[in-house]
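Undergrad: Could you work out the structure for the sequence below:
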Amino acid sequence: MVESFKETARARADSRFKKAEEASTQRQKAVAEQQAEETARRVKTGKLRELRLAKEAEDLAAEAANPTPKKATRARKKVAI
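TA: Numbering: from 1, shown residues only. From the prediction side, this is the model:
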């Protein structure tokens, strides 16, 4: 009876340990996955930012080389009330 109790207690302890170990492993995988996604997001954002800044610089250079003529505005008539 004592042996049976010890075996049962040990089996329960082993089961709890395995569950805790699996949970720890799952947490580590989730954290690693989140970090990988964050790194990929930062890289992609950096590339997009570089492309946007290059396009803006190109647009400014094109604007400076070929300024658009401003439209002449007509003087508005004042209406007496």
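Undergrad: how far away is residue 15 from residue 8?
TA: As judged by CB to CB, to the nearest Å, residue 15 and residue 8 stand 11 Å apart. Using the backbone N, CA and C atoms, a C-beta is placed for each residue, glycine as well.
Undergrad: Next: residue 46.
TA: 57 Å.
Undergrad: Determine how far the one helix or strand residue 55 maps to lies from the middle of the whole chain.
TA: Using DSSP states H and E, residue 55 sits in helix 2-65. Put simply, helix 2-65 sits 11 Å off its chain's centre (CA atoms, centre = their mean, to the nearest Å).
Undergrad: Is residue 77 in a helix, a strand, or coil?
TA: The three-state assignment at residue 77 reads coil, by DSSP: H, G, I helix; E, B strand; the rest coil.
Undergrad: Tally up the residues packed near it, please.
TA: As a burial measure, residue 77 scores 6 neighbours (other CB atoms under 10 Å).
Undergrad: now swap in residue 21 and tell me
TA: Residues near residue 21, counting by other CB under 10 Å: 10.
Undergrad: Tell me how many other residues surround residue 22.
TA: 10.
Undergrad: Please tell me how far residue 47 sits from residue 40.
TA: Counting by CB to CB, the gap from residue 47 to residue 40 is 11 Å.
Undergrad: Kindly report the same for residue 75.
TA: 58 Å.
Undergrad: now do residue 16
TA: 36 Å.
Undergrad: Residue 6 now?
TA: Residue 6 is 51 Å from residue 40, by CB to CB.
Undergrad: Equivalent analysis for residue 7, please.
TA: Residue 7 is 49 Å from residue 40, by CB to CB.
Undergrad: same thing with residue 19?
TA: 32 Å.
Undergrad: same thing with residue 23?
TA: 26 Å.
Undergrad: next one: residue 57
TA: Taking CB to CB as the measure, residue 57 falls 26 Å from residue 40.
Undergrad: what bits of this protein have low per-residue confidence?
TA: Applying pLDDT under 70 to the chain flags residues 1-2, 81.
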